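Undergrad: The following comprises the amino acid sequence and a computationally predicted model.
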Amino acid sequence: MKTTSLFEWHRAHGATMGEFGGYSMPLWYPTGARQEHLAVLTSAGIFDTGHMSVIVISGPDALPFLQYCCTKDLTRVGAKKLPLDHCKCTNGAFLDERGWVVDDCVVYFFEHDRYMIAVNAGMGEIIAPHLEKYRGGYDVQVTLIDEEVDKIDLQGPRSGHILASCLEHPDRFFDGMGFYRFKGCLASGMIKCDRCGDVHFKNGSTALVSRSGYTGEFGFEIFVSPDEASGLWKLLIDAGTADGLLPCGLAARDSLRAGAVLPLSHQDIGDWPFLNNPWLYALPFNDDRSGFTKDFVGREALETSGFSEYTLPFAGFDPRKVDIHGDGANVFDSSGKRIGRVLTCATDVGIGRIDGRIVGLASPDVPDGFKPRGLSCGFVLVDRLLDYGTPVTLRDVRREIRVEIVRDVRPGRTSRRPLREMIDGE
């Protein structure tokens with residue numbers, strides 16, 4: 001298995017390791033996944049995400065090339081017209097000609113002729129050749145730079161305070177740093193924005209930092225050179241100790257993203273048409289959703305698929321889960337008829353129910369002394385559209401649990417809150 005630059009740190013600090021995407025990654029640390037999850041909701045957590053892949057798209061035709069290869073209409077992100085709003089990132093997906101997801105992605109805008117793409121663990125070696133298939137007459141270069149970049153995620157309400165204490169010029173960095181904005185570059189220069197300037201840390205590290213993440217909570221994703229990753233990780237760990245910062249593994253990452261209604265590629269999206277799911281913001285629908293604003297790989301398949309299954313979020317009534325591995329878990333309606341299968345089932349330990357209503361630690365009306373038991377949550381793929389509030393039963397080989405279809409899971413998420421509210425109002 002591959003390892004990240006922080007592998008030895010994880011082992012030295014007692015992490016339980018496991019395989020993910022071809023990498024040996026921390027699943028949890030001695031504190032346990034529950035405490036790691038709660039730290040991200042109440043203080044901060046830090047994640048090694050060096051297993052992610054990064055691709056640079058450059059050249060005069062970079063924009064039209066990405067417009068065709070990526071589902072997102074990049075001309076409608078940020079500024080409503082060209083030139084694109086620089087130093088902004090957005091979610092999208094790469095589909096094959098069947099309309100199936102090859103991988104989801106985040107696109108970072110540097111200049112009209114330079115973009116960075118972040119995809120999932122080990123997927124760079126799949127996405128880069130996928131893009132090359134469509135390069136044709138486009139004057140672009142597709143460059144996989146996994147060996148030149150590592151990544152660290154700092155997530156949670158105290159993450160801004162911790163980050164500020166580690167930056168050389170925090171006020172300059174936070175100025176205009178809205179949701180899905182980024183600043184900085186890598187020391188190598190392969191990832192560089194001439195407009196937004198460098199981001200320097202007090203230990204001498206240079207990084208690209210975006211206000212984004214995979215937890216649903218306020219936080220940042222940091223792209224840094226591999227030779228600087230260990231030093232930066234230790235700087236952030238030391239700075240965050242007083243704020244309750246915990247290193248977090250993949251188990252907490254999974255439960256946090258499930259509670260935030262975020263998909264896991266190749267599990268919640270994958271080998272079926274990218275339709276009828278909670279993430280259609282990645283598709284280029286026009287304003288009245290009667291069609292698409294552009295052509296893209298997989299468009300014709302989506303328009304003609306007749307796909308009639310639906311991916312829907314659910315939340316349970318207690319922490320119990322079903323196991324989606326092995327023989328998997330199925331979904332049954334109130335009459336006992338099987339109507340689909342479970343894609344994700346995790347436990348968000350930061351939420352509970354009061355009088356049937358889901359309440360979280362960050363809910364504006366959370367009662368004093370609220371101690372969440374946690375609720376199971378995730379996604380099902382079913383053969384019909386179900387209304388919110390519809391009860392269904394999930395069943396694996398060992399147990400069955402009662403859940404309901406919901407629009408949203410964890411209330412009070414902080415990812416989009418105003419920056420000053422999170423920095424000054426902590």
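TA: On my side now, so go ahead.

Undergrad: Who are the contact partners of the residue nearest the centre of the chain?
TA: Closest residue to the average C-alpha location of the chain: residue 214 at 3.0 Å, with C-alpha atoms, centre = their mean. Going by C-beta atoms under 8 Å, 6 or more residues apart in numbering, residue 214 touches 153, 253, 256-257, 260, 262. C-beta here means a position set from N, CA and C on the backbone, and glycine is covered the same way.

Undergrad: let's see 10 Å
TA: The contact partners of residue 214, by C-beta atoms under 10 Å, 6 or more residues apart in numbering, come to 47, 49, 52, 106, 153, 155, 221, 253-254, 256-257, 260, 262, 264, 415.

Undergrad: what does residue 186 give?
TA: With contact set as C-beta under 10 Å, 6+ apart, residue 186 has these partners: 54, 116, 145, 148-150, 192, 198, 206-208, 223-225, 228.

Undergrad: so which of those comes closest to residue 302?
TA: The shortest gap between residue 302 and any of these belongs to residue 116, at 26.1 Å (C-beta to C-beta).

Undergrad: how much space between that closest one and residue 57?
TA: Between residue 116 and residue 57 the distance, using C-beta to C-beta, to the nearest Å, works out to 8 Å.

Undergrad: Common neighbours of the two, please.
TA: Overlap between the contact sets of residue 116 and residue 57, as judged by C-beta under 10 Å, 6+ apart, is given by 107, 110, 143.

Undergrad: so where does the second one fall, helix or strand?
TA: So the one you mean is residue 110. Assessed by DSSP states H and E, residue 110 sits inside strand 101-111.

Undergrad: so what secondary structure elements neighbour that strand?
TA: In terms of contact count using 3 or more C-beta pairs under 10 Å, 6 or more residues apart in numbering; DSSP states H and E, strand 101-111 is assigned the packing partners strand 53-58, helix 62-69, strand 89-95, strand 114-119, helix 124-132, strand 182-184, strand 207-210.

Undergrad: Could you spell out the sheet neighbours of it, each with its direction?
TA: For strand 101-111, the pairing partners within the sheet under DSSP bridges are strand 89-95 (antiparallel), strand 114-119 (antiparallel).

Undergrad: May I see those arranged in JSON lines, with distance to residue 175, mean pLDDT and mean neighbour count as well?
TA: Rendered in JSON lines, the data for the strands paired with strand 101-111 read as follows (distance: least, C-beta to C-beta, whole Å; pLDDT from 0 to 100; neighbours: other C-beta atoms under 10 Å):
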{"stretch": "strand 89-95", "distance to residue 175": "18", "mean pLDDT": "96", "mean neighbour count": "23"}
{"stretch": "strand 114-119", "distance to residue 175": "22", "mean pLDDT": "94", "mean neighbour count": "24"}
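
Undergrad: of all those strands, which lies closest to residue 39?
TA: strand 114-119 (24.0 Å).

Undergrad: next one: the closest one to chain centre, how far?
TA: The offset between the C-alpha centroid of strand 114-119 and the centroid of the whole chain comes to 15 Å, using C-alpha atoms, centre = their mean, to the nearest Å.

Undergrad: CA atoms of it as CSV?
TA: As requested, C-alpha coordinates have been extracted for strand 114-119 and formatted as CSV (Å, rounded to 0.1, in the frame of the first residue of the first chain):
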residue,chain,number,x,y,z
ARG,A,114,-4.9,27.1,-15.6
TYR,A,115,-7.1,25.0,-13.3
MET,A,116,-6.5,22.5,-10.5
ILE,A,117,-8.7,19.4,-10.0
ALA,A,118,-8.8,17.5,-6.7
VAL,A,119,-10.2,13.9,-7.0
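
Undergrad: what's the angle from it to helix 124-132?
TA: 130 degrees (axes from the mean of the first three to the mean of the last three C-alpha atoms, to 10 degrees).

Undergrad: can you give me the mean pLDDT across stretch 211-228?
TA: Here the mean pLDDT over stretch 211-228 is 96, rounded to a whole number.

Undergrad: nope, stretch 76-84 is what I was after
TA: Per-residue scores along stretch 76-84 average to 57.

Undergrad: now swap in stretch 334-352 and tell me
TA: On average, stretch 334-352 scores 98.

Undergrad: Repeat that for stretch 376-386.
TA: Computed over stretch 376-386, the mean pLDDT rounds to 98.

Undergrad: Could you tell me which of the contacts of residue 214 are located in helices?
TA: 253-254, 256-257 (DSSP state H).

Undergrad: Taking the chain centroid, which residue in the protein is the extreme one?
TA: Distance from the C-alpha centroid of the chain, by C-alpha atoms, centre = their mean, peaks at residue 335 (35.9 Å).
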